[in-house]
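[1] Sharing a model prediction with you, sequence too.
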Amino acid sequence: MSVVVMQKEQLRSVIEAAIRAAQRSGELELSTVPEIGLEAPRDAGHGDFASNIALVAAKMARKPSREVAQIIVDHLTLGEFIQDVEVAGPGFINFFLSKQWLNDTVRIIDQQGESYGDSQLGSDQKILLEFVSANPVGPMNVVNARAAAVGDTLARLFRAVGYTVGTEFYVNDAGNQADVFARSLEARFQQLSDPDYPFPEDGYPAAYVGDLALRLKETHPELAEMSLEDRLAFCKRWGTDQMVEMQRNDLRNYGVEFDLWFRERDLHAAGALEKSIANLKKRGMIFEAEDALWFRSTEFDDDKDRVLVKSDGSYTYVTADIAYHQDKLQRGYTKLINIWGPDHHGYIGRMQAAIQALGYSKDTLEVLILQYVALMRHGQQVKMSKRAGEFITMQDLVEEVGKDAARFFFLNRSPESHLDFDLDLAVQQSNENPVFYVQYAHARISSILRQGQEMGVFLPRADQVDLDLLVHESEVALMKQLATLPDEIVAAALQREPHRITRYALDLASLFHSFYTHCHILGEKEELRNARLVLAASVRTVLRKVLGLLGVDAPEQM
RNA sequence: GCGCCUGUAGCUCAGGGGAUAGAGCAUCGGACUUCUAAUCCGAGUGCCGCAGGUUCGAUUCCUGCCAGGCGCACCA
């Protein structure tokens, strides 16, 4: 349990005791004791924690809220940990605590290191997080990059709160687009020996297909002798494999590695689609109409029923997806989370219908929809056109601004917000660039510790220093921020809001920079110096922790 | 027409049933003989899109409307 939660629990029991005492004395008439709300006020002048209990209880008590607050305060038994209490505003009760809990926080960080903030809340869940899943027919785009950052950090957050997590990239290597891609590659291959060989009308004109054809010619010249059918099949398999490798490599450079790259073609080969259909049929969810086989998804609130087998006998995309999700569940996952782009939101209904049709509850599948990314350069939106080949890929972006800036910028916005990505800002090495701001705080602390060592001053353990010496406003604010990390991690994980962590990192860095300006460390007398060294070190530990969650490097110097 | 997301300071965005609505940037003014000035300190800025409703209290929740972005295939 986090120190913050412990403080709240303690305060809650103190408040509850006061209410009961007031009830016994007849000053407060309440049929039940309402939920006692406690929060850390934004304004430090409002204490460490504030309760709105008097405002909530005022109506039931038939007394003005300020009066209720005063009655509760009069019956409070102040232990050692509460230094002061006040009634404020419309009836808030503000608690000012002794800073023991903040000292405890620093000691805990020293003990736990970068596992500080981890918990075991989610130990009973086994989550499968699927994200990116870009088609293996070309380079990834910037929404894929956003999805990769969000998905990867969510996975790290889930692990931090104790979930068992598997991350997967679903490779759609058996569908229509893979066929179009195979035909494009085959045509480019043939054109190397016969320039007049026709290129498919709907083919991919981009240059990378031609490059790929060149490599194909070098490594597999025997292809020229095969039948068209065999050649296409080879192009499909070999070509998508090449694309997968490229994507895997791009993602690795971006700090994202998946536990599993799941191939759609494996589902087909294993007969999984037929099995899923049979399963649905058994449950009475299938009907035939217009020469096609349909899934009665309207049974589960979908807008319309969906075709699984087209009139030409081929499968639709949903069919493979149903089989894939069934496979996930059969592997023992209790919660499936997919991160999709905004163009797929209309797809949620049919997949949740499928999950229910297979006998699972609707919320077994949770879909997070990301919104679009607009790249901004010189204050103007960068226009992209696939057709004209003007297209900034994920790799282009990472090469231009670096992994750290790209990830941080994507994670610095709530996932459902439309994102303006300022390319000029992302490459700036200045205070305007938030990722540098945070990294600089880490480098500064590292530098202090380094210089300390050079002059023979070593970092003491937290329990060897007098943390009560840390009383400066900026020190106390810093310690409070450190104390909130465990709760922030839990909130970010449970609410799927990784941007809470970038925010936290920025706030922590800001508080550190302020502390740094106001409080010197190495030049101070030994006792104070040591206490501040421990504080600075704990800030560094926490910065490492949060940057690690974000997948951003924590440089020792800049 | 139906659905999803968004609408908060000049700009980019947080926040969220409660106490004077926040941050960064931009603007203006300060701070380096001292551990990295890639920093800090200070100043101004708001019909929280509009209109109703619920509530002791709404910028936050609900409904309707307006505006912007994006979807609505026997494509993926």
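    Great, that's in hand.
[2] What strand or helix carries the residue most central in space within chain A?
    Nearest to the geometric centre of chain A sits A:Leu154, at 3.0 Å (C-alpha atoms, centre = their mean). Assigned by DSSP states H and E, A:Leu154 belongs to helix A:142-160.
[3] How about A:Ala50?
    strand A:49-51.
[4] How far does that strand sit from its chain's centre?
    Averaging C-alpha coordinates over strand A:49-51 and over its chain gives two centres that are 29 Å apart (C-alpha atoms, centre = their mean, to the nearest Å).
[5] which SS class is A:Asn94?
    strand (DSSP: H, G, I helix; E, B strand; the rest coil).
[6] The residue nearest to the centre of chain A reaches A:Arg500, doesn't it?
    No. Assessed by C-beta atoms under 8 Å, A:Leu154 is found out of contact with A:Arg500, at 11.4 Å. In this view, the C-beta of every residue, glycine as well, is placed from N, C-alpha and C.
[7] Alpha carbons only: can I get stretch A:456-464 in CSV?
    C-alpha atoms of stretch A:456-464 as CSV (Å, rounded to 0.1, in the frame of the first residue of the first chain):
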residue,chain,number,x,y,z
GLY,A,456,35.0,12.2,-1.8
VAL,A,457,31.3,12.8,-0.9
PHE,A,458,29.4,9.6,-1.3
LEU,A,459,25.7,9.0,-1.3
PRO,A,460,24.5,7.9,2.1
ARG,A,461,21.6,5.5,2.7
ALA,A,462,18.3,7.2,3.5
ASP,A,463,18.2,5.8,7.1
GLN,A,464,21.6,7.3,7.8
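[8] Quick one: mean pLDDT for it?
    What stretch A:456-464 shows for mean pLDDT is 95.
[9] For that stretch, buried residues please.
    Neighbour counts using 16 or more other C-beta atoms under 10 Å place A:Val457, A:Leu459, A:Pro460, A:Ala462 of stretch A:456-464 among the buried residues.
[10] what comes into contact with it?
    A:106-107, A:109-111, A:449, A:452, A:522, A:529-530, A:533-534, A:537-538 (C-beta atoms under 8 Å, 6 or more residues apart in numbering).
[11] Please see if that stretch touches RNA strand B.
    No. On the criterion C-beta under 7 Å from any atom of the strand, stretch A:456-464 is out of touch with RNA strand B, staying 9.6 Å away.
[12] before we move on, what about stretch A:415-422?
    Yes. Stretch A:415-422 lies within reach of RNA strand B by C-beta under 7 Å from any atom of the strand, at A:Glu416, A:Ser417, A:His418, A:Leu419, A:Asp420, A:Asp422.
[13] And these, which is closest to A:Ile15?
    Minimum distance to A:Ile15 across the residues of stretch A:415-422 next to RNA strand B is 36.2 Å, recorded for A:Glu416 (C-beta to C-beta).
[14] Contacts only, for that closest one.
    Residues near A:Glu416 by C-beta under 8 Å, 6+ apart: A:Ile369, A:Leu370, A:Gln371.
[15] Try it again at 7 Å.
    By C-beta atoms under 7 Å, 6 or more residues apart in numbering, the contact set of A:Glu416 is A:Ile369, A:Gln371.
[16] buried set for stretch A:525-535?
    Of the residues in stretch A:525-535, A:Leu528, A:Arg529, A:Asn530, A:Ala531, A:Arg532, A:Leu533, A:Val534, A:Leu535 count as buried by neighbour count, 16+ other C-beta under 10 Å.
[17] of the contacts of stretch A:456-464, buried ones?
    A:Val106, A:Arg107, A:Ile109, A:Asp110, A:Leu449, A:Gly452, A:Arg529, A:Asn530, A:Leu533, A:Val534, A:Ala537, A:Ser538.
[18] for stretch A:246-258, what is the average pLDDT?
    97.
[19] neighbouring contacts of it?
    By C-beta under 7 Å, 6+ apart, stretch A:246-258 touches A:134, A:136, A:140, A:148, A:152, A:167-169, A:261, A:394-395, A:398, A:403, A:407, A:551.
[20] residue ranges of the helices in the stretch 251-400 of chain A, please?
    Here the stretch 251-400 of chain A has its helices, by DSSP state H, counting those that start in this stretch, at A:264-269, A:272-282, A:317-330, A:348-357, A:394-401.
[21] how far is the shortest one from where the chain is centred?
    Helix A:264-269 has its average C-alpha position 30 Å from the chain's average C-alpha position, going by C-alpha atoms, centre = their mean.
[22] Which strands or helices does that helix pack on?
    In terms of contact count using 3 or more C-beta pairs under 7 Å, 6 or more residues apart in numbering; DSSP states H and E, helix A:264-269 is assigned the packing partners helix A:317-330.
[23] Run the angle between the helix it packs on and helix A:272-282 for me.
    For helix A:317-330 against helix A:272-282, the angle by axes from the mean of the first three to the mean of the last three C-alpha atoms, to 10 degrees is 90 degrees.
[24] Against which helices or strands is helix A:317-330 packed?
    Counting contacts by 3+ C-beta pairs under 7 Å, 6+ apart, helix A:317-330 is packed against helix A:264-269, helix A:272-282, strand A:306-309, helix A:348-357.
[25] Give me the buried stretch members for the first one, please.
    Taking 16+ other C-beta under 10 Å as the neighbour-count basis, helix A:264-269 is seen to contain the buried residues A:Glu264, A:Arg265, A:Leu267, A:His268.
[26] what do you get for the second one?
    Counting neighbours by 16+ other C-beta under 10 Å, one finds that the buried residues in helix A:272-282 are A:Ala272, A:Leu273, A:Ser276, A:Ile277, A:Asn279, A:Leu280.
[27] List the contacts of that helix.
    Residues contacting helix A:272-282 (C-beta under 7 Å, 6+ apart): A:267, A:286, A:295, A:308, A:315, A:319-320, A:322-323, A:326-327, A:357-358.
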